[in-house]
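[1] No letters, just coordinates:
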């Protein structure tokens, strides 16, 4: 077959538009070259400075306001494929390159190096080592500055931005500037004494007082002008003279001042707020008797039911013999969970002077309008820091909203770190801070013994601990299951023991405490519900079956013995499962109390030990522990983890509720 040649078409050039001109033709520039040109254009200022540092740039002034820089072609151009011609660039003053030194700094460094070499030419190695040590100390100081800044940042983050006030007071911007006025005045012979005398008393009894114009300390109850009925009740309790916290705390409260009271466990903090409240109620009743459904005048809030019942019993002890001395009766009601509300309601209907309550039950009664705080002018938060830690802060804010006027506010605790103190000041008016010893310190009357015991041998070791002292003995454990196990073990061994924890009903808990206080039982096994504020005057020995998660709970636990002027023993079992930060806190607490430190505790050395020495401050600003800093606070970590868990839990519950 004949092969036909394929047709070939001539490709005609595309016609040019009328607007195009051959003179405007721009040749194709590769992408790489265009990028490089763009970089040169944008980075010219930086290149000028680089060349200037190399000594290849000279500047000449053109006589105008702008600086003219002449750039010559370098010997080895940065972009070899682009010829660099002399060009003029108009620019502002060139900023210093980040991370690079200027020519003057380089020359200064060279001069220092030459001076160092010249100076150390004939210097011994020892002297050179000293100089290097000084340089290292300067670097360490910089590290300490960073540590301080980090701790300040954490404290600021965990600090409360909202004042501890009622919602209405915050909304209306209510501010009280003057303290409540009372009719009580200290004796004239005390007020006429010079301030140097008061300072000597404070120093002798290790009382730290902060605030504006604090009242003078009083060293006996007669100077406090208590009636004969109260003095007799004090004598029945074998209380002859006030303790350090009572010397300063009682005249401060009687004067109407707000107070933050901090003292070791067993120092008599309860009497500091109970006795003035009784005096105020006597004065109010004498002026105008309380009518039906009126009151309370004073409100005491505490975190646990057992502590509330104990405070109520103390008030009843001091007011029981008023009728015999011709004084009006003072009615007190107890509002806690586990007790019928009707019991408190009956007293409230007849007119109540003093109310002792836990936050939950009080909130319930306020919401149901069973009780009002219209005439309440006296508020005391016992174990205030523990209530805030336990999550009662929102309840306390809500309770503040039910007050219709200014009140005298008191906060007491054995452990109150600076964070809680600063937060609490927002609810107080010109407060007086009374601190006996260090906040969070253990009583010097307690002999603290720490034993290393393996977990499987702890329950058997309890019998060895019980042989150290005579009863009564108090045993603490972290978990409810451990409390039940120890209780059952002791009953099998023939010991007279009772147990309390949050899982038992209130009737059983009160019956167990009554049997233990009455001497019918020798041993009380409990969780931390019995560690806060409960008064067992005859306790000889406290046994910690396990170490608490933070050192504050440890201080509260061992404080159940060695109360007042008596002495006691505290034995604590630890092992490798305990957090190192808590063990370090325990070691420093033993050193502070001049106790024997076991070798396995003395061998624990943490970074906080060196930081405490270098920074001149002891311990954590969040929880008050001496063996760690706030950057490694186990309590803060637990609180943050709990908050994160609560957020997730609340979100889940909200979603579940929305589904139904």
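    In hand now; what should we look at? Everything quoted here is computed from the prediction, not taken from an experiment.
[2] Does residue 271 lie in a helix or a strand, and which?
    helix 269-287 (DSSP states H and E).
[3] list the helices and strands that helix packs on?
    helix 244-254, strand 259-262, strand 298-301, helix 305-319, strand 354-357, strand 378-382, strand 408-413 (3 or more CB pairs under 8 Å, 6 or more residues apart in numbering; DSSP states H and E). Placement of C-beta: from N, CA and C, glycine included.
[4] Buried residues in it, which are they?
    269-282, 284-285 (16 or more other CB atoms under 10 Å).
[5] before we move on, what about stretch 169-183?
    So, applying 16+ other CB under 10 Å, buried residues of stretch 169-183: 169, 179, 180, 182.
[6] Make a markdown table out of those residues and add pLDDT and distance to residue 289.
    Output for those, formatted as a markdown table (pLDDT from 0 to 100; distance: CB to CB, whole Å):
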| residue | pLDDT | distance to residue 289 |
| --- | --- | --- |
| 169 | 71 | 30 |
| 179 | 88 | 27 |
| 180 | 88 | 21 |
| 182 | 91 | 20 |
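[7] for the residues you listed, which one is nearest residue 250?
    For the buried residues of stretch 169-183, the minimum distance to residue 250 (CB to CB) is 12.6 Å, reached by residue 182.
[8] my read: that closest one touches residue 256, true?
    Yes. Counting by CB atoms under 8 Å, residue 256 is a contact partner of residue 182 at 4.1 Å.
[9] what residue ranges in the stretch 501-650 of the chain are flagged as low confidence?
    533, 607-618, 621, 643, 645-650 (pLDDT under 70).
[10] can we see that at 80?
    531-537, 563-565, 605-650 (pLDDT under 80).
[11] Quick one: the strands in it, in order.
    523-526, 541-544, 568-574 (DSSP state E, counting those that start in this stretch).
[12] partners of the first one in the sheet?
    Spelled out, it's strand 523-526. strand 473-476 (parallel), strand 497-500 (parallel) (DSSP bridges).
[13] and stretch 320-335, how far apart are its ends?
    20 Å (CA to CA, to the nearest Å).
[14] Contacts for that stretch next, please.
    Stretch 320-335 is contacted from outside by 227-229, 232-233, 278, 281-282, 285-286, 289-290, 295-296, 308-309, 312, 315-316, 319, 341, 343-344, 347-348, 350-358, 361-362, 365, 371, using CB atoms under 8 Å, 6 or more residues apart in numbering.
[15] Can you give the distance of that stretch from its chain's centre?
    39 Å (CA atoms, centre = their mean, to the nearest Å).
[16] If we go by neighbour counts, what in it is buried?
    Those would be 322, 327, 328, 330, 331, 332, 333, 334, 335, for stretch 320-335 by 16+ other CB under 10 Å.
[17] Can you tell me which of the strands paired with strand 523-526 is packed in deepest?
    strand 473-476 (a mean of 26; mean count of other CB atoms under 10 Å).
[18] Quick one: name whatever helix or strand follows it.
    Strand 473-476 is succeeded, C-terminally, by helix 480-492 (DSSP H and E).
[19] May I see the buried residues of that following helix?
    Buried-residue list, helix 480-492, by 16+ other CB under 10 Å: 482, 483, 484, 485, 486, 487, 489, 490.
[20] Contact partners for the last one?
    To tie it back to what came earlier, the one meant is residue 490. Contacts of residue 490 (CB under 8 Å, 6+ apart): 462, 497, 523, 525.
[21] let's go with 10 Å and repeat that
    Residues in contact with residue 490, defined by CB atoms under 10 Å, 6 or more residues apart in numbering, are 459, 462-463, 466, 473, 475, 496-499, 522-523, 525.
[22] what residues do residue 182 and residue 256 have in common as contacts?
    Joint contacts of residue 182 and residue 256 (CB under 10 Å, 6+ apart) are 276, 280, 408.
[23] on that earlier part again, got the helices and strands packed on helix 269-287 as TSV, with mean pLDDT, mean neighbour count and distance to residue 588 columns?
    Conversion of these to TSV gives the following (pLDDT from 0 to 100; neighbours: other CB atoms under 10 Å; distance: least, CB to CB, whole Å):
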stretch	mean pLDDT	mean neighbour count	distance to residue 588
helix 244-254	94	26	23
strand 259-262	90	26	19
strand 298-301	94	26	32
helix 305-319	91	20	28
strand 354-357	94	27	36
strand 378-382	91	25	27
strand 408-413	89	26	20
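[24] Using CSV, please lay out the ones you listed together with distance to residue 626.
    Formatted as CSV, the helices and strands packed on helix 269-287 follow (distance: least, CB to CB, whole Å):
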stretch, distance to residue 626
helix 244-254, 22
strand 259-262, 16
strand 298-301, 30
helix 305-319, 26
strand 354-357, 34
strand 378-382, 25
strand 408-413, 18
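[25] Of all pairs in the buried residues of stretch 320-335, which one is the farthest apart?
    Largest separation among these by CB to CB: 327 and 335, giving 24.8 Å.
[26] partner residues bridging the nearest residue to residue 410 once chain neighbours are set aside?
    Nearest in space to residue 410, with sequence neighbours left out and distances taken as CB to CB, 6 or more residues apart in numbering, is residue 380 at 4.4 Å. Bridge pairing for residue 380 (DSSP bridges) gives the partners residue 300, residue 410.
[27] how far does the helix holding residue 271 sit from the chain's center?
    31 Å.
[28] that older thread, just the closest of the buried residues of helix 269-287 to residue 449, please.
    For the buried residues of helix 269-287, the residue nearest residue 449 by CB to CB is residue 269; the value is 26.2 Å.
[29] Now do the contacts for the residue nearest to the closest one when sequence neighbours are not counted.
    Once flanking residues are discounted, residue 269 sits nearest to residue 412: 4.9 Å by CB to CB, 6+ apart. Listed by CB under 10 Å, 6+ apart, the contact set of residue 412 reads 245, 249, 259-263, 269-270, 272-273, 300, 302, 380-385, 434, 533.
[30] And for residue 469, the neighbour number?
    Residues within reach of residue 469, counting by other CB atoms under 10 Å, total 18.
[31] ok, now how distant is the residue nearest to residue 269 from residue 378?
    Distance, residue 412 to residue 378, using CB to CB, to the nearest Å: 14 Å.
[32] got it, and residue 525?
    Taken as CB to CB, the span from residue 525 to residue 378 is 37 Å.
[33] what's around the residue lying closest to residue 210 once chain neighbours are set aside, how many residues?
    Distances taken as CB to CB, 6+ apart place residue 433 nearest to residue 210, at 4.1 Å, with adjacent residues excluded. Other residues lying near residue 433 total 22 when counted by other CB under 10 Å.
[34] wait, residue 433 sits on residue 211?
    Yes. Using CB atoms under 10 Å, residue 433 makes contact with residue 211 at a distance of 6.0 Å.
[35] what residues are shared contacts of these two?
    252, 258, 259, 260.
[36] Quick one: the residues you listed as JSON lines, columns for distance to residue 602 too.
    Shown next, in JSON lines, are those (distance: CB to CB, whole Å):
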{"residue": "252", "distance to residue 602": "41"}
{"residue": "258", "distance to residue 602": "43"}
{"residue": "259", "distance to residue 602": "39"}
{"residue": "260", "distance to residue 602": "35"}
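[37] residues in contact with the residue nearest to residue 410?
    253, 259, 261, 270, 272-274, 276-277, 298-302, 311, 356, 408-412.
[38] repeat that with 6 Å
    Neighbour list for residue 380: 273, 300, 410 [criterion: CB atoms under 6 Å, 6 or more residues apart in numbering].
[39] Any stretches of the stretch 101-250 of the chain with poor pLDDT?
    Those would be 101-125, 127-129, 131-175, if you go by pLDDT under 80 across the stretch 101-250 of the chain.
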